[in-house]
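[1] Let me see the structure of the following:
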Amino acid sequence: MRSLWTSISAITAAAALASVAAPASAASTLDVNWNSGCGKASCFNDKGVFTQTWSSADAHGPMTIGQFLLDRGVLGSLDGQTFSISFSIGGQDVGSWGKYNMGGIGGDELNFSGENFLWNPEDGDLVLTLSIIEPPKGGFGGGGGFFFAPLGETQGDQGPPGGDPPPGDGDPGQGGFGGSDNTSINLPESQTPVSAAPEPVTWALMIGGFGLAGSALRRRRVQAA
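    Predicted coordinates for the structure are as follows:
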């Protein structure tokens, strides 16, 4: 009898360990490939958006989505651009997997992963959306970096806020930015400080005038004596 209970206990323990070790459900991996809608440069349309749809009619029951493999050709030659990854089911957003920069991404196939979500085909088609994020107007292109300059001005090649033309033509002393130094700003002519110190030529004229006046006074004194 003791040996029977020992065998039953061992079987129960093994079953418990097996239930703990077995995963609840393995996440599925999607394939994102170059398709007929892609252009020569990339698969993004003129609005900077790429989508791929998985039909609910072709799915075999609910599945957990945890990653996808992307053909590098989908990104094309858009290096330096930043794009976001998001999913929707039946037109309803189900999550975002963050933002990525295309610069430096190499390899023929790229692996992206994010927070797992459940796709039930009864809820509709699954759609992946990649959207290019335009850099802010006051920053450099590419990584979306910002440029900060004193007096609230923006980077010289972007123009001041609101799209107004920069004051002057960008040459030193004409307003706008002078040269290639993005951190320096030349004030417009109406705001250029005026120095009270005379110019060197003015100093020379003043000294020469004082000398002539002194010489005339000396001659007058000699004649009077």
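[2] low-confidence ranges in the protein?
    1-25, 138-225 (pLDDT under 70).
[3] if you set the cut-off to 50 instead, what comes out?
    Within the chain, the ranges that satisfy pLDDT under 50 run 4-8, 10, 12-24, 140-197.
[4] how's it carved up into domains?
    As assigned by automatic domain parsing, the chain contains the domains 23-133, 145-189.
[5] Sheet partners, orientation included, of the helix or strand hosting Gln67?
    If you go by DSSP states H and E, Gln67 is part of strand 63-71. With DSSP bridges as the test, strand 63-71 is paired with strand 28-32 (parallel), strand 109-119 (antiparallel).
[6] Mind listing what's buried along it?
    Residues of strand 63-71 classed as buried by neighbour count (16 or more other C-beta atoms under 10 Å): Met63, Ile65, Gly66, Phe68, Leu70, Asp71. Placement of C-beta: from N, CA and C, glycine included.
[7] my guess is the first one meets Asn116, correct?
    No - judged on C-beta atoms under 8 Å, Met63 makes no contact with Asn116 at a distance of 10.3 Å.
[8] show me what contacts Gln67?
    Ala27, Thr29, Leu30, Asn111, Phe112, Ser113, Gly114 (C-beta atoms under 8 Å, 6 or more residues apart in numbering).
[9] again with Leu118
    Contacts of Leu118 (C-beta under 8 Å, 6+ apart): Pro62, Met63, Thr64, Ile65.
[10] Specify the beta-bridge partners of it.
    Per DSSP bridges, the residues bridged to Leu118 are Thr64.
[11] Gly73 falls within a helix, correct?
    Yes - assigned with DSSP: H, G, I helix; E, B strand; the rest coil, Gly73 falls within a helix.
[12] Quick check: which element contains Gly107?
    Applying DSSP H and E, one finds Gly107 in no helix or strand.
[13] Verify the stated contact: it with Asp71.
    No - look at Gly107 against Asp71 with C-beta under 8 Å: they stay out of range, at 10.3 Å.
[14] Need the strands paired with strand 63-71 in TSV (columns: distance to Cys43).
    Putting the strands paired with strand 63-71 into TSV (distance: least, C-beta to C-beta, whole Å) gives the following:
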stretch	distance to Cys43
strand 28-32	9
strand 109-119	13
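[15] Of those, which is nearest Ile133?
    The closest of the strands paired with strand 63-71 to Ile133 is strand 109-119. By C-beta to C-beta, the value is 16.0 Å.
[16] Now the closest one: buried residues?
    Across strand 109-119, burial judged by 16+ other C-beta under 10 Å covers Leu110, Phe112, Gly114, Trp119.
[17] cool, and stretch 79-98?
    The neighbour-count check on stretch 79-98 (16+ other C-beta under 10 Å) flags Gln81, Thr82, Phe83, Ile85, Ser86, Phe87, Ser88, Ile89, Val94, Trp97 as buried.
[18] Enumerate the beta-bridge partners assigned to the fourth one.
    In this entry, Ile85 is beta-bridged to Leu130, by DSSP bridges.
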